[in-house]
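In: predicted model, plus sequence, below.
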Amino acid sequence: MAATIVGFVGVAGLIALAVWVQSPWFAILSVFILMNCWTGLRQALALSRRDKMPRRAGFACPSCKAAPFIGPYWQCGKCGNAFDTFETHAVCPHCGSQFTATSCLDCGKAHSMNDWAALILAPPL
């Protein structure tokens, strides 16, 4: 978010420079940078919203240790419907397919449901 704000300030300076020297190339460059800053701002806002989403207690990714999101963010490979794999213990509620691995939405690595729960159940070292 901070980099995007600095980018917008820099673009404002480039636009002022383009107007002052009457350069169409500076204007084109300014528009290009402005579009990239706008995209960066949208991505930063989306990540901020994602970080505020509720997460499920009692499970953690074995790779990145992140708790999974609560909601239908996993898609069945057989019927294509979205469902919450942690609510149904890796069984699609629409077609009954059982899944051997569940992917982490944070790091993308797949682990068995037992591995997700095992981290929480293991005693601290």
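Out: Arrived safely, thanks for sending.

In: now for the helix or strand hosting Leu47, which elements pack on it?
Out: Secondary structure from DSSP states H and E places Leu47 in helix 24-51. Packing partners of helix 24-51 (3 or more CB pairs under 8 Å, 6 or more residues apart in numbering; DSSP states H and E): helix 2-21. Placement of C-beta: from N, CA and C, glycine included.

In: ok, His89 - contacts?
Out: Listed by CB atoms under 8 Å, 6 or more residues apart in numbering, the contact partners of His89 are Met113.

In: for the helix holding Leu47, the averaged confidence score.
Out: Looking at helix 24-51 alone, the average pLDDT works out to 91.

In: which parts of it are buried?
Out: For helix 24-51, a neighbour-count test (16 or more other CB atoms under 10 Å) marks 26-27, 29-30, 33-34, 37, 40-41 as buried.

In: how does the protein divide up, domain by domain?
Out: Domain assignment for the chain, taken from automatic domain parsing, gives 2-51, 54-125.

In: centre of the chain versus the longest one, how much separation?
Out: Average the C-alpha atoms of domain 54-125, do the same for its chain, and the two points are 16 Å apart (CA atoms, centre = their mean, to the nearest Å).

In: check the first one too.
Out: Relative to the centre of its chain, domain 2-51 is centred 23 Å away, using CA atoms, centre = their mean.

In: give me the distance between the two termini of it.
Out: End-to-end distance for domain 2-51, by CA to CA, to the nearest Å: 17 Å.

In: so what touches stretch 28-39?
Out: With CB under 8 Å, 6+ apart, stretch 28-39 has contacts from 4, 7-8, 10-11, 14-15, 18.

In: with pLDDT, distance to His111 and neighbour count added, can I get these in CSV?
Out: Shown next, in CSV, are the contacts of stretch 28-39 (pLDDT from 0 to 100; distance: CB to CB, whole Å; neighbours: other CB atoms under 10 Å):
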residue, pLDDT, distance to His111, neighbour count
Thr4, 86, 34, 18
Gly7, 89, 38, 17
Phe8, 90, 41, 16
Gly10, 91, 43, 14
Val11, 91, 43, 20
Leu14, 90, 47, 19
Ile15, 91, 49, 17
Ala18, 90, 52, 18
